[in-house]
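[1] below are the sequence and a predicted model for it; my questions follow.
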Amino acid sequence: MGVAAGPIRVVVAKPGLDGHDRGAKVIARALRDAGMEVIYTGLHQTPEQIVDTAIQEDADAIGLSILSGAHNTLFAKVIQLLKERDAEDIKVFGGGIIPEGDIAPLKELGVAEIFTPGATTASIVDWVRANVTQTAGA
């Protein structure tokens with residue numbers, strides 16, 4: 001592949017039927033402003049499309065924005081597909097309207113971090129910097 005010194009690459013995606021992408025765009029812009037490479041997939045992506053994009057783009061992380069209430073199913077599916085495709089080194093994080101009680105089970109599934117609606121873009125950027133390492137060439 002390449003040298004693992006390039007910018008962190010993050011796929012930002014809006015899975016499912018939820019039509020609100022303002023939050024995802026704000027996060028994408030913040031990560032980009034912080035010097036990361038962001039691949040924004042747009043609305044209504046299936047977990048399969050999201051995982052395909054992440055693998056094709058050699059992404060280090062996937063950020064999912066979910067407001068539709070289908071987070072348990074969607075996160076589980078993305079994690080499962082990454083496992084099946086031997087791409088578990090891609091960290092999955094997410095945000096949106098996710099009830100407090102769902103956060104621990106999602107983390108047990110393998111979601112690296114969940115950001116609730118009060119999270120600042122700075123806190124998300126800091127988390128990605130601290131927790132996501134470039135996997136290119138590994």
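    Cool, the structure landed. Numbering: from 1, shown residues only.

[2] switch to C-alpha atoms for all contacts and neighbour counts from now on
    Noted.

[3] tell me the gap between the helix ranked longest in the chain and the middle of its chain.
    Longest helix in the chain, counting residues (DSSP state H): helix 71-84. Counting by C-alpha atoms, centre = their mean, to the nearest Å, helix 71-84 is centred 11 Å from the centre of its parent chain.

[4] contact partners of it?
    15-16, 47-48, 50-51, 88, 90, 92, 98, 102, 106, 109-111 (C-alpha atoms under 8 Å, 6 or more residues apart in numbering).

[5] can you mark which positions in it are buried?
    By 16 or more other C-alpha atoms under 10 Å, the buried positions in helix 71-84 come out as 71, 74-75, 77-82.

[6] okay, now the unreliable bits of the protein?
    Along the chain, segments meeting pLDDT under 70 span 1-5, 18, 135-138.

[7] mind listing the residues bridging to the most centrally placed residue in it?
    With distances taken as C-alpha atoms, centre = their mean, the residue of the chain nearest its centroid is Gly63 (1.5 Å). On the basis of DSSP bridges, Gly63 is bridged to Val12, Phe93.
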